[in-house]
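[1] Generate a structure from the sequence data that follows.
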Amino acid sequence: MTGEGTRALDDPADTLWQRAQNAIAAKQAGPARAALEALLAGDPMHVWGRVALYDLSLRQDRVREATAHALEAARTTPPYPELIADIVGCVLQVCETVAARELLRHPALASVKSDLLLLRLAEQWHGLGQAHEALAVLDRAELLGFDGDQVRFKRGQQLIHLGRFEEAEPELELSLALSPTSGRTAIALARLRTQTRDRNHFSKIATGLKNVKHGTRDYAALEFALYKELE
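    Just a heads-up that it's a prediction; the model follows:
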């Protein structure tokens, strides 16, 4: 039988990719590297292989090599939004901010309609210190009907960075209402302005504190937020 499926199985690139995946799963760095390098020698545009070799190099503290692979992946990435976001994460990890910005402006990302991916892209813009761009992505999510504590928290976060504190507060308050035990949201609210006897979030934070497990990160954050409100 000589159909398309049979040819795919006989493809040397597919064989090397599978060999690399098996070696990575078995935590065999040497064979994994050998398979990935052979794969890229025959197919330099194999972006998944490039990303895998980037990850392997980084875990082996071969930072310059990892950076070179991340930048090459950024240069050759196909127009798949999830993959673009993955590669943005790679270049950000090695502090290649120019490449990250260029990827985040890729035309393929303009059609994203996944709430999780939009949140991820907003977080990546935030990591670059680009609050306007992060907020624009979150505005797109809102227009598509996505809501929830994460969307509201991230919107509040970007509005704070833009100095739009009056707009940020209701976003964070709604986020806390949707997730009452979120320590990071409580801290953001407590720090937003000087609290007063008549205008504060004390009771909401205290209620959240009663409903979160003692000793957790959220518990510690809520305790600090309560102190900050009282201060």
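[2] got any ranges where this protein has weak pLDDT?
    Counting by pLDDT under 70, the chain shows low-confidence ranges at 1-10.
[3] my read: Ala74 touches Val91, true?
    Yes - if you go by CB atoms under 8 Å, Ala74 and Val91 touch, sitting 5.5 Å apart. Backbone N, C-alpha and C define where each C-beta goes, glycine included.
[4] shared neighbours, those two?
    Ala99, Leu103 (CB atoms under 8 Å, 6 or more residues apart in numbering).
[5] Might you report the residue contacts of the residue nearest to Val112 when sequence neighbours are not counted?
    The shortest distance from Val112 to any non-neighbouring residue, by CB to CB, 6 or more residues apart in numbering, is to Pro81 (5.1 Å). Residues near Pro81 by CB under 8 Å, 6+ apart: Ala108, Leu109, Ser111, Val112, Ser114, Leu117.
[6] can you check Ala29 too?
    Ala23, Leu56, Arg59, Gln60.
[7] Just give me the closest of those residues to His126.
    Comparing the contacts of Ala29 against His126 with CB to CB places Arg59 closest, at 25.7 Å.
[8] measure the closest residue to the closest one other than its chain neighbours to Val98 for me?
    The shortest distance from Arg59 to any non-neighbouring residue, by CB to CB, 6+ apart, is to Ala29 (7.8 Å). Look at Ala29 and Val98: by CB to CB, to the nearest Å, they are 30 Å apart.
[9] do the same with Arg152
    Relative to Val98, Arg152 is positioned 31 Å away (CB to CB).
[10] More neighbours: which of the two?
    Each of Arg152 and Val98 has its neighbours counted (other CB atoms under 10 Å); Arg152 has more, 23 against 11.
[11] which SSE is that one in?
    Here Arg152 sits within helix 149-161, counting by DSSP states H and E.
[12] what helices or strands is that helix leaning on?
    helix 115-127, helix 131-143, helix 165-178, helix 183-192 (3 or more CB pairs under 8 Å, 6 or more residues apart in numbering; DSSP states H and E).
[13] Swap in 6 Å and give it another go.
    helix 131-143, helix 165-178 (3 or more CB pairs under 6 Å, 6 or more residues apart in numbering; DSSP states H and E).
[14] can I get those in JSON lines with mean neighbour count and distance to Arg193?
    Conversion of the helices and strands packed on helix 149-161 to JSON lines gives the following (neighbours: other CB atoms under 10 Å; distance: least, CB to CB, whole Å):
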{"stretch": "helix 131-143", "mean neighbour count": "18", "distance to Arg193": "19"}
{"stretch": "helix 165-178", "mean neighbour count": "18", "distance to Arg193": "6"}
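[15] closest to Thr196 out of those helices?
    Of all those, helix 165-178 sits nearest to Thr196, with 13.2 Å by CB to CB.
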